[in-house]
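Undergrad: My questions concern the predicted model and sequence given below.
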Amino acid sequence: MKDHLVWHSVPRVLRNKLEKKGTSEYELLGGSQEPMFILTAGKMWKVNKQVKLQPNVVLRSVWGAPMSIGAFFNVIMMDQFTAGIYSHLGENAGILFQWQVNKQFRVCYSFDVATSALITTNFGSHELAACFMIPSRKKRIVYPRYF
């Protein structure tokens, strides 16, 4: 099993045309969707059979915006429970919890709070997610996904 990963992606690599130029909706539209570049690197350390430590770093870049740097530190217990802290420097900080109920179902919760001037108007956000992996009949080698 590899214990480190460098991963990258480019969500929204193609720009969407949100409205036709010259329409009233176009005049009201103040934003755009730009490509976002993401680079992730991390490492997994086994403390013992029950506990693993997982630090990782995320670099995010969007055209015309400053680069965002995030640092994450997770503790994985019994390959079933994850607790962690994270921070996107100058943006937000938070905590997260995950429970891998079985091989197909995972429940996640996170809470974050702004660490910038936005803290005066944003008192944090909660996120609750349920993830379900649809089983495949194809036989394949499965590697653990930690990042």
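TA: Arrived safely. Residues are numbered from 1 along each chain as shown.
Undergrad: Parallel or antiparallel, list what pairs with the lengthiest strand in the chain.
TA: The longest strand of the chain (DSSP state E) is strand 51-62. Strand pairing for strand 51-62, determined by DSSP bridges: strand 36-43 (antiparallel), strand 45-46 (antiparallel), strand 68-77 (antiparallel).
Undergrad: avg pLDDT for it?
TA: The average pLDDT within strand 51-62 is 93.
Undergrad: Same check on stretch 132-141?
TA: Stretch 132-141 carries an average pLDDT of 77.
Undergrad: Equivalent analysis for stretch 88-95, please.
TA: Here stretch 88-95 scores 92 as its mean pLDDT.
Undergrad: who touches it?
TA: Residues outside stretch 88-95 that contact it (C-beta atoms under 8 Å, 6 or more residues apart in numbering) are 58, 60, 68-71, 83-87, 110-116, 124. C-beta coordinates here come from the backbone N, C-alpha and C atoms, glycine included.
Undergrad: try 7 Å this time
TA: Outside stretch 88-95, the residues that touch it by C-beta atoms under 7 Å, 6 or more residues apart in numbering are 68-70, 84-87, 110-116.
Undergrad: before we move on, what SS does residue 119 have?
TA: Under DSSP: H, G, I helix; E, B strand; the rest coil, residue 119 falls in the helix class.
Undergrad: remind me which residues of the protein are low pLDDT?
TA: 1-33, 140-147 (pLDDT under 70).
Undergrad: on that earlier part again, buried ones in the longest strand of the chain?
TA: Using 16 or more other C-beta atoms under 10 Å as the test for burial, strand 51-62 gives 52, 54, 56, 58, 60, 61, 62.
Undergrad: And these, which is closest to residue 38?
TA: For the buried residues of strand 51-62, the closest approach to residue 38 (C-beta to C-beta) belongs to residue 60, at 5.4 Å.
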